[in-house]
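Colleague: starting from these lines, generate the structure:
(one chain, ligands or ions: 1)
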Amino acid sequence: MPTKLDAHRVADALSTLPGWSGDTSTIVRRVTMDEETANEAVEKISIVANEMNHHPVVDRAPGVTIFTVWTHSQGGVTDLDIALASRISDILRQHGIADPSDTGT
Ligand SMILES: C[C@H](O)[C@H](O)[C@H]1CNC2=NC(N)=NC(=O)C2=N1
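Modeller: Below is the predicted model of the structure:
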C-alpha cells in the first residue's frame, strides 16, 4: 500500500519532473498539443496506466491537455504518482513534447 508523501518529498520529486507542479494533494502537468498528438499520447498513456493499475485524470480542451495525478485510496500524492508522472513525461517526449526546461538546442 503506497504511503502519502509529505510536502518536502513532493517538492523534491517535482524538482525532478520538469513541467509538473502541485502539492501533497495532486500533481499536475498542462500540455499544449494538437488534437492528433493528444489522441496518440493519451492512448499510449492509458495503456501504461492500465499496466500500472494507476491512472491520471485527463482533462482535454482544444489544443490543451491537463494530466492530474494522485492516489485516490490515499487521498494524496504517493511514490506511485511520481512514477506515473515520469512515465507520462516519457511518453510525451516520444510524441515530440519536450520537457518545458529544454531549450531545444
Ligand atoms: C481497484 C483499483 O485497484 C483502484 O481503483 C486503483 C485504480 N487506479 C488508481 N489510480 C489512481 N491514480 N489512484 C488510485 O488509487 C487508483 N486505484
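Colleague: please enumerate the strands of this protein.
Modeller: 20-22, 27-32, 57-61, 64-69 (DSSP state E).
Colleague: tell me the residues of this structure that contact the ligand?
Modeller: Asn53, His54, His55, Thr71, His72, Ser73 (Cβ under 6 Å from any ligand atom). (Glycine included, C-beta is placed from N, CA and C.)
Colleague: at 8 Å instead, please
Modeller: 49, 53-57, 69-74, 80-81, 84 (Cβ under 8 Å from any ligand atom).
Colleague: among those, which pair sits farthest apart?
Modeller: The span of those, defined through Cβ to Cβ, is set by Ala49 and Gln74 at 16.8 Å.
Colleague: more crowded one of those two?
Modeller: Between Ala49 and Gln74, counting by other Cβ atoms under 10 Å, Ala49 is the more crowded of the two (18 against 15).
Colleague: what sits against the closest residue to that one other than its chain neighbours?
Modeller: Closest residue to Ala49 apart from its sequence neighbours, by Cβ to Cβ, 6 or more residues apart in numbering: His55 at 4.4 Å. Contacts for His55 (Cβ atoms under 8 Å, 6 or more residues apart in numbering) come out as Ser46, Ala49, Leu84.
Colleague: one step back: turn the strands of the chain into a markdown table, including mean pLDDT and distance to His95.
Modeller: Shown next, in a markdown table, are the strands of the chain (pLDDT from 0 to 100; distance: least, Cβ to Cβ, whole Å):
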| stretch | mean pLDDT | distance to His95 |
| --- | --- | --- |
| strand 20-22 | 98 | 17 |
| strand 27-32 | 98 | 10 |
| strand 57-61 | 97 | 14 |
| strand 64-69 | 98 | 11 |
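Colleague: nearest to Ser101, out of those?
Modeller: Here strand 20-22 is closest among the strands of the chain (Cβ to Cβ), at 11.3 Å.
Colleague: coming back round to it: next one, pLDDT for the residue nearest to Ala49 please.
Modeller: At His55 the predicted local distance difference test score is 98.
Colleague: brilliant, that's me finished.
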